[in-house]
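S.K.: Structural data only, the sequence is not supplied:
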C-alpha cells in the first residue's frame, strides 16, 4: 500500500501549524483514553451516553459537539485574521489559507450552528409539547451519530490525506480532480453526505413528533413559538437536504468514478453545481435562523413578563419566509451572466423576504413595549440581536439589488453581511437558549455574573471584528485573498478586526468556563433554581432537572401559554393519576452504525474499494438485524415513578 497518500502536504513540507495540530490531536486523544481508563468510566460512558436514546442526553451531546466545533472553527477564523493582519509575515501559505477558509465555513455552519440548534430542539421540543420523547428515539440516536462521525471524517482531513480547498461552496471546476487532484474534496463530498443524512432523519423525526405527539388540547395554534419555528424548519430540511445529497453524490461520482456532471466539456455544466448547491444553501440559512427566531420569541416574552405580541403574524411570517427561502438562490450568482430578467426576478424575491423578517422585528419590539423587562443573560443576547441583525438585514437588501451587487460581490462587504446575520441571528440565539434552558438539564442556572461578562465581551468584540469589513469591502478588498500590498491601505482595518476576533475567542472561552465553573461551584441550594417567573410553556411544568420520563402524568392544555395561566390561576395541568410509564431501551446499534459509516466514508475517500464494500455490507447487515429485534422498550413501575417524584421534591402531578 502507498502510505504516502495518507500524509498531508503540510507534514511533508514541515508546516509547523500542521505538525502542531497532529501532535495536539494525539496528545488529547491519549489524555482522554488515559482519563477514562484511570477513572474506570468506559462502562458508564457506554451505558449512559454512547447507547442512549433519551432525547435530552442526545441534545446535550449535540451541544457539546457544537461547542467543540465552535472553537475548532473559531481557531480557523483567528488564523485567517492573523494572516490578513500581517500578510508579509506569511503565517499561512496560499494553499493552507485556502484549506482554512474552506473549513471555517463548513464547520461553523454545518458542524457548529446546525448541531447547536438541533441539540436545543432535542432538549426542549418534547417538553414543550408534553411528550415523553421524540417519535422515533432510536432514529434520533442514529441521526446524532451520523452527524458526529460525518463531522469527525471531515475534520481528520487536515491530518490524513489533505483538506478540502475549494471553499465552503466547493464550486466547480475548482473542486474537480483537474484543479484539486488530492483527496481533500473527496472528504467534502462524502463527509457532508453522511452528516446530511443524519440531519434529514432529524427533520422527519421532529415533524412526526410535533404533528402526532402533542399533549391533549394542544392544537397547532396553541403551540409555543419555538415549536412552530422547529416544525417549519424541519419542513425546509425535508425539502432542501435531498438536493444537497444528490449534488454531493454527483460530485462524488465526478471525482471518484470519472463521470462529468460538472465538467466544462463533454456535456457537463459547472453552473449545475452552483444551482444545486444554492437551492439547498439559501434555505439552509433559514434552517439555522428560524429556530433562533423561536428562541428569541420565548426569551423576550418571558423576560418582558408579557404575552408574545402578534402570535398569528409571527407564525404566518415564518411560513412565508420558508416559502420564499426557496425562491432566492440565484442572488448568489448575479454576476455569472444569467441575464437581466432572471436577476430582476430574484432581486425582487430577495427583497420580499425582508418583509416578513421585518414583521418579526416589530413583533419583538411591541412585546418589549411597556414590559417589565428583566436584564438576564439570555435577555441581553436577545436584545443585542435586534439592532445588530437589523444592520445585517439592511446590508442584505443592499446586496439584493442585482446592479449594485456587481460592486459588492466577492468583497469583504459580503463577508461582513453574512456574519452580521448569522452570528447575532444564530450564535447569540443558541447561547441565549443554552443559558435559558440550562436548568432543565443541570437543575440550576449558569452563573449570571460570568454570563453577563461573556455577553459584553462577545457583543463588543463581534462589532470590532466585523464592522471594519464593510469598509474594507467598499474599499475594494476581495474575500478569499490571502495577501495584499501595503499600498492598498487595508492593514489598519484588518488589525482592528483581528483584535476583535481575539476578543470573540475570549468571550466564547468565558461561556465554556461558566459551564465548568457552575458545575463545580454551584451551591447545593441552587439545585432546582430556575428563572424568576420562568417561562410560559410546558417545559417549565415538570421537575428541574427533568426526570428521564419528562412528565409523570401527561399534561392537558386548554390555551396558549398554558403553564403561565395555570400558575396564575393556581390550578394544575395534570389531571390523571400516575400509571406505569413506557420508555425506549438504550441500544448500541446507532453508535456502531455511525462508526461503520465513518470507515465506509474513509475508505471511499481514498478509493479503497474492497474495504468500502465490506463496510457497506456491514451497514446493510446492521440494518437487517434491526428488523429482527423484538425489543419494545421497558416500563417504569408506578411505585418507582412515585419514588422519583418524591426524590425530586416536586408536586407537579
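M.R.: Ah, there it is. Being a predicted model, the structure only gives us computed values, none of them experimental. Numbers count the residues shown, from 1 in each chain.

S.K.: can you give me the strands for the chain?
M.R.: Secondary structure of the chain (DSSP state E): strands at 581-583, 634-636.

S.K.: Would you mind giving the ones you listed as JSON lines with distance to residue 305 added?
M.R.: All C-beta spots, glycine's among them, are computed from the backbone N, C-alpha and C. Shown next, in JSON lines, are the strands of the chain (distance: least, CB to CB, whole Å):
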{"stretch": "strand 581-583", "distance to residue 305": "34"}
{"stretch": "strand 634-636", "distance to residue 305": "37"}
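
S.K.: most neighbours per residue, which of those strands?
M.R.: Neighbour counts (mean count of other CB atoms under 10 Å) averaged over each of the strands of the chain peak at strand 581-583, with a mean of 17.

S.K.: Now do that one: which elements does it pack against?
M.R.: Contacts defined by 3 or more CB pairs under 8 Å, 6 or more residues apart in numbering; DSSP states H and E place strand 581-583 against strand 634-636.

S.K.: Throw the strands of the chain into CSV and include mean pLDDT and distance to residue 597, thanks.
M.R.: Listed next are these as CSV, based on pLDDT from 0 to 100; distance: least, CB to CB, whole Å:
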stretch, mean pLDDT, distance to residue 597
strand 581-583, 92, 27
strand 634-636, 90, 28
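
S.K.: Of those, which is nearest residue 575?
M.R.: strand 581-583 (16.5 Å; CB to CB).

S.K.: what's near enough to touch the residue lying closest to residue 442 once chain neighbours are set aside?
M.R.: Leaving out its chain neighbours, the residue that sits closest to residue 442 by CB to CB, 6 or more residues apart in numbering is residue 545, at 6.1 Å. Taking CB atoms under 8 Å, 6 or more residues apart in numbering, we find residue 545 in contact with 439, 440, 441, 442, 443, 528.

S.K.: ranges for the helices of the stretch 501-650 of the chain?
M.R.: In the stretch 501-650 of the chain, the helices defined using DSSP state H, counting those that start in this stretch lie at 562-568, 589-605, 609-628, 638-648.

S.K.: related to what we said a few turns ago, farthest-separated two in the contacts of residue 545?
M.R.: Farthest pair in the contacts of residue 545, by CB to CB: 441 and 528, 12.7 Å.

S.K.: So between the two, which is more surrounded?
M.R.: The neighbour comparison of residue 441 against residue 528 (other CB atoms under 10 Å) goes to residue 441, with 17 against 14.

S.K.: my read: the more buried one touches residue 55, true?
M.R.: No. The pair residue 441 / residue 55 is not scored as a contact, 11.2 Å apart, by CB atoms under 8 Å.

S.K.: Pull up the overlap in contacts between those two.
M.R.: The contact sets of residue 441 and residue 55 overlap at residue 123 (CB under 8 Å, 6+ apart).

S.K.: and the gap between the residue nearest to residue 442 and residue 89?
M.R.: 50 Å (CB to CB, to the nearest Å).

S.K.: With residue 217 instead?
M.R.: Going from residue 217 to residue 89 by CB to CB gives 65 Å.

S.K.: what sits against the residue nearest in space to the middle of the chain?
M.R.: For the chain, the residue nearest the mean C-alpha position is residue 114 (1.8 Å; CA atoms, centre = their mean). Shown in contact with residue 114 (CB under 8 Å, 6+ apart): 147, 199, 287, 288.

S.K.: Who are the contact partners of the last one?
M.R.: Contacts for residue 288 (CB under 8 Å, 6+ apart) come out as 109, 113, 114, 117, 422, 425, 426.

S.K.: among those residues, which are in helices?
M.R.: Within the contacts of residue 288, residues falling in helices by DSSP state H are 114, 117, 422.

S.K.: count of residues packed around the residue nearest to the second one when sequence neighbours are not counted?
M.R.: Spatially, and ignoring its direct neighbours in sequence, residue 117 is nearest to residue 291 (4.8 Å; CB to CB, 6+ apart). Residue crowding around residue 291 was assessed by other CB under 10 Å; the count is 30.

S.K.: so residue 291 touches residue 228, yeah?
M.R.: No. In this structure, residue 291 is not within contact of residue 228 by CB under 8 Å, at 10.0 Å.

S.K.: overlap in contacts of the two?
M.R.: In contact with both residue 291 and residue 228: no residue, using CB under 8 Å, 6+ apart.

S.K.: buried set for stretch 356-363?
M.R.: Going by neighbour count (16 or more other CB atoms under 10 Å), the buried part of stretch 356-363 is 356, 357, 359, 360, 361, 363.

S.K.: Closest one of those residues to residue 333?
M.R.: Closest to residue 333, out of all of the buried residues of stretch 356-363 and judged by CB to CB, is residue 357, at 22.4 Å.

S.K.: can you list the weak-confidence ranges in the chain?
M.R.: Per-residue confidence for the chain (pLDDT under 70) gives these ranges: 1-4, 9-14, 523-528, 648-653.

S.K.: Would you tell me which helix is longest in it?
M.R.: helix 270-304.

S.K.: Distance from that helix to the middle of the chain?
M.R.: 10 Å (CA atoms, centre = their mean, to the nearest Å).

S.K.: ok, and for it, which residues are buried?
M.R.: Here helix 270-304 shows 270, 273-304 as buried, counting by 16+ other CB under 10 Å.

S.K.: before we move on, what about stretch 563-581?
M.R.: Those would be 563, 564, 566, 567, 573, 574, 581, for stretch 563-581 by 16+ other CB under 10 Å.

S.K.: As JSON lines, those residues with distance to residue 462 would be great.
M.R.: As requested, the buried residues of stretch 563-581 are exported to JSON lines (distance: CB to CB, whole Å):
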{"residue": "563", "distance to residue 462": "34"}
{"residue": "564", "distance to residue 462": "33"}
{"residue": "566", "distance to residue 462": "39"}
{"residue": "567", "distance to residue 462": "36"}
{"residue": "573", "distance to residue 462": "40"}
{"residue": "574", "distance to residue 462": "43"}
{"residue": "581", "distance to residue 462": "45"}
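
S.K.: of the ones in helices among the contacts of residue 288, closest to residue 60?
M.R.: residue 117 (14.1 Å).

S.K.: excluding its backbone neighbours, what's nearest residue 224?
M.R.: residue 537 (4.3 Å).

S.K.: for that neighbour, phi and psi?
M.R.: phi -120, psi 170 (degrees, to the nearest 10).

S.K.: What about it, how many residues nearby?
M.R.: Residue 537: 26 neighbours (other CB under 10 Å).

S.K.: Spit out the contact partners of it.
M.R.: Neighbours of residue 537 in contact, by CB under 8 Å, 6+ apart: 128, 224, 226, 298, 561, 562, 563, 564.

S.K.: Can I get those residues in CSV including distance to residue 514?
M.R.: Output for the contacts of residue 537, formatted as CSV (distance: CB to CB, whole Å):
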residue, distance to residue 514
128, 25
224, 26
226, 23
298, 21
561, 30
562, 32
563, 27
564, 28
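
S.K.: between these, which is closest to residue 482?
M.R.: Relative to residue 482, and with distances defined as CB to CB, the nearest of the contacts of residue 537 is residue 226, at 40.9 Å.

S.K.: which residues sit in contact with that closest one?
M.R.: 124, 125, 128, 291, 294, 295, 297, 298, 537.

S.K.: Of these, just say which sits nearest to residue 189.
M.R.: Using CB to CB, the contacts of residue 226 come closest to residue 189 at residue 291, 27.1 Å.

S.K.: if we can go back for a sec, can you tell me how far the residue nearest to the centre of the chain sits from residue 140?
M.R.: Taking CB to CB, one finds residue 114 at 15 Å from residue 140.
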